[in-house]
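A.B. asks: One predicted model, sequence on top.
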Amino acid sequence: MVTRSRAVRLALATLLVAVLAGCEYKTNVPVGDGPLRYRDEVFSTVTTTSNVVYGSAVGSSGSAQDLKLDLYQPSGDTNAKRPAIVWVHGGSFRTGSKTSAEIVDEAKTFAKKGFVTISIDYRLDPKGCSAGAPSAQCVTAIAWAKEDAQAAVRWLRRYASTYKVDSTRIAIGGSSAGAITALNVGYDEDNPGSSGNPGYPSNVRAAISLSGSRIFGTVEKDDAWALLFHGTSDVVVPYAWAQSTLSGLKDAGVTAEATFWDGAGHVPYAAHRTEIIDQTTNFLWWSMGLGTAST
């Protein structure tokens, strides 16, 4: 078992090596005697709490609807403060749910690593968005998703004591529409909407995008770190959009990295699962400062 002081020294030493070597965070594996919390799956089972209401907002029907999440926690964990991740499903902003297979897989995998994770439902529009430049109606649906996800971030902070969440270490990730939402949450915190839990910050430490791009927000140097995954043959969210997002973040001084798969299409999660999980694990370690977190 690695003591906290030793883990801190190891983390700082590894970070220094990475900086000197020009190593990317996504491939910079945390050093420490295994199993190491947040790097390895140190818990064998996960406790799931389903259909927790985290907010309410008026949707496409014109009536208010409850917004629900599923909560995943490492079973038997005694840590009082744990980093958290919000996972957001895809579906062109018109379909999909918090029980999407890949989102549930990510939520459970990272819960086994010691995180508190949630997968969320958000307001959908019957028309949603089509490939290519978004229409005005599509932009509204994108904004709904962002505002609802921000409410979920605030919910984690509101109930941090209840669910043993470290409110200073919250990340967000998703695929397709969920990835767009994650990036929008990362870089548009000044427009939080009113979907629930007012009075709590909506900012996150890191945003993870699989087949997404940024639509909203003005990027500032101290904003969330970003990790992008994208296929060069994606015709739903074009590869060029991901390139533009990456360039814009880097130009603003944000720590941003990307893995681009030659010839891959939209949301190639199954084909690249191991790479996605491993790189996300590494990236979260550094972006959220997990070497100094409670272990």
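C.D. replies: Noted; the coordinates are in hand.
A.B. asks: so how far is residue 29 from residue 44?
C.D. replies: 22 Å (CB to CB, to the nearest Å). C-betas here are computed from N, CA, C, even on glycine.
A.B. asks: ugh, wrong one, residue 169
C.D. replies: Using CB to CB, we find residue 169 at a distance of 19 Å from residue 29.
A.B. asks: Of the two, give the one with the bigger neighbour count.
C.D. replies: Counted by other CB atoms under 10 Å, residue 169 and residue 29 do not tie: residue 169 has more neighbours, with 24 against 16.
A.B. asks: So the closest residue to residue 98 other than its chain neighbours: helix, strand or coil?
C.D. replies: Nearest residue to residue 98, sequence neighbours excluded (CB to CB, 6 or more residues apart in numbering): residue 119, at 4.1 Å. Secondary structure assignment for residue 119 (DSSP: H, G, I helix; E, B strand; the rest coil): strand.
A.B. asks: pLDDT value on residue 119, please?
C.D. replies: pLDDT, residue 119: 99.
A.B. asks: May I ask you to confirm that residue 69 belongs to a strand?
C.D. replies: Yes: assigned with three-state DSSP, residue 69 falls within a strand.
A.B. asks: returning to that earlier point: what is the neighbour count of the residue nearest to residue 98?
C.D. replies: By other CB under 10 Å, the burial measure for residue 119, its neighbour count, is 28.
A.B. asks: For it, list the residues it contacts.
C.D. replies: Counting by CB atoms under 8 Å, 6 or more residues apart in numbering, residue 119 touches 69-70, 72, 87-89, 98-100, 103-104, 107.
A.B. asks: switch the cut-off to 7 Å
C.D. replies: Counting by CB atoms under 7 Å, 6 or more residues apart in numbering, residue 119 makes contact with 69-70, 87, 89, 98, 103-104, 107.
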